[in-house]
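Peer 1: Attaching a predicted model along with its sequence, questions to come.
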Amino acid sequence: KGEGHVEGEKVENPDTGLYYDEYLRQVIDVLETDKHFREKLQTADIEEIKSGKLSKELDLVSHHVRTRLDELKRQEVARLRMLIKAKMDSVQDTGIDHQALLKQFEHLNHQNPDTFEPKDLDMLIKAVSTRY
C-alpha cells in the first residue's frame, strides 16, 4: 500500500558500473558524516567539484573522518593489490611492470597507500567525472 519515505532512510543509488563503485560510495558516506564538508558539498556546483576546489575542504574535516578515510583507502589498496596479484597469477609472466598496473587505477594515489589526502579525493572526483 502507501508506504511513505521514512526520514533518515537511505535511498539506494544505482550501481555506477565503476570497478571502484563501493569505494566511491563509502568515501561519500564518510564525508557526509562531517557537517562542514556536507554543507560545502551541498552548496558546491559541479564545476567547483570537478576543479578540485572541494578537495581542499578535506583538510577541515574532523580527525575521526580522516581516520575512517585512511582506513577505507588502505582497504581499497589491499583490494587492488589482490586484483593485480590475480592478474599476475593468471598470466604467469615475471616481466610485468607493477607500476604500469597500478597506474590503471586512477581513482586513488597509489604512491601513498596509507592515508587519504586531498589529492585522493581530487583523483576520485576526476576519475568519476571522466566517466560521466
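Peer 2: It's in. Residues are numbered from 1 along each chain as shown.
Peer 1: Roughly how far does Leu60 sit from Ala86?
Peer 2: Distance, Leu60 to Ala86, by Cβ to Cβ, to the nearest Å: 38 Å. Using the backbone N, CA and C atoms, a C-beta is placed for each residue, glycine as well.
Peer 1: By mean pLDDT, which helix or strand of this protein comes out lowest?
Peer 2: Across the helices and strands of the chain, mean pLDDT, DSSP states H and E gives its lowest value to helix 98-103, namely a mean of 60.
Peer 1: burial of Met82, as a residue count?
Peer 2: Using other Cβ atoms under 10 Å, the number of residues around Met82 comes to 10.
Peer 1: What of Arg81?
Peer 2: Neighbours of Arg81 using other Cβ under 10 Å come to 15.
Peer 1: Tell me who's in contact with it.
Peer 2: Residues near Arg81 by Cβ atoms under 8 Å, 6 or more residues apart in numbering: none.
Peer 1: chain center to the strand or helix carrying it: distance?
Peer 2: Using DSSP states H and E, Arg81 maps to helix 63-91. Put simply, helix 63-91 sits 11 Å off its chain's centre (Cα atoms, centre = their mean, to the nearest Å).
Peer 1: Just the buried residues of that helix, please?
Peer 2: Neighbour counts over helix 63-91 (16 or more other Cβ atoms under 10 Å) mark Val65, Arg66, Arg68, Leu69, Leu72, Lys73, Glu76, Val77, Leu80, Ile84 as buried.
Peer 1: which one of the residues you listed sits closest to Ile49?
Peer 2: Using Cβ to Cβ, Leu69 comes nearest to Ile49 of these, at 17.0 Å.
Peer 1: wouldn't the closest one be in contact with Val30 here?
Peer 2: Yes: judged on Cβ atoms under 8 Å, Leu69 makes contact with Val30 at a distance of 5.7 Å.
Peer 1: just to revisit the earlier point, any chance of the buried residues of helix 63-91 in CSV with distance to Gln42 and pLDDT as columns?
Peer 2: CSV is the format used below for those (distance: Cβ to Cβ, whole Å; pLDDT from 0 to 100):
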residue, distance to Gln42, pLDDT
Val65, 16, 96
Arg66, 20, 95
Arg68, 20, 97
Leu69, 19, 96
Leu72, 22, 96
Lys73, 24, 94
Glu76, 25, 92
Val77, 30, 92
Leu80, 31, 89
Ile84, 37, 82
